[in-house]
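S.K.: Dropping a prediction and its sequence here:
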Amino acid sequence: MKTKYRIVAQPSPIYPDYTWYQAQYKLFNLFWLNCDCDVHRPGLSRSMELNNVEERVDALIHNKWKNYSKQVVRVYE
């Protein structure tokens, strides 16, 4: 079964002119749950910038990961 995702918008309780966007996934095709804050995936699961949350959902759908391993750039001898 393919996981379903969505983005919900919620007005900020402190600043009414601002909106928070939240990435969610559907669990067991019954409940919508917030996506976790996974630092190894691009984007943000919750942000005031819609494009950050869209980037997270795209990363979840396409199973994209950030590579945080060390890489040798140059060796001097």
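M.R.: Arrived safely.
S.K.: going forward, measure contacts and count neighbours with C-alpha atoms only.
M.R.: Noted.
S.K.: which other residues reach the top strand by length along the chain?
M.R.: The residue-count maximum for a strand in the chain (DSSP state E) belongs to strand 19-27. Contact with strand 19-27 is made by 3-12, 32-35, 45-50, 53-54, 56-57, as judged by Cα atoms under 8 Å, 6 or more residues apart in numbering.
S.K.: could you redo the last one with a cut-off of 7 Å?
M.R.: Residues from elsewhere that reach strand 19-27, judged by Cα atoms under 7 Å, 6 or more residues apart in numbering: 3-12, 32-35, 45-48, 50, 53, 57.
S.K.: Pull out the buried positions in that strand.
M.R.: Using 16 or more other Cα atoms under 10 Å as the test for burial, strand 19-27 gives 19-26.
S.K.: residue ranges of the strands in this structure, please?
M.R.: Along the chain, the segments classed as strands by DSSP E run 5-11, 19-27, 31-34, 46-47.
S.K.: TSV for those strands, including mean pLDDT and distance to Lys66?
M.R.: Output for the strands of the chain, formatted as TSV (pLDDT from 0 to 100; distance: least, Cα to Cα, whole Å):
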stretch	mean pLDDT	distance to Lys66
strand 5-11	92	20
strand 19-27	92	18
strand 31-34	91	21
strand 46-47	92	18
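S.K.: Among those, which comes closest to Tyr68?
M.R.: Comparing the strands of the chain against Tyr68 with Cα to Cα, the closest turns out to be strand 46-47 (21.5 Å).
S.K.: distance of the nearest residue to Met48 once chain neighbours are set aside from Val57?
M.R.: Of all residues beyond its chain neighbours, the one nearest Met48 is Trp20 (4.6 Å), with distances taken as Cα to Cα, 6 or more residues apart in numbering. To Val57, Trp20 is 15 Å away according to Cα to Cα, to the nearest Å.
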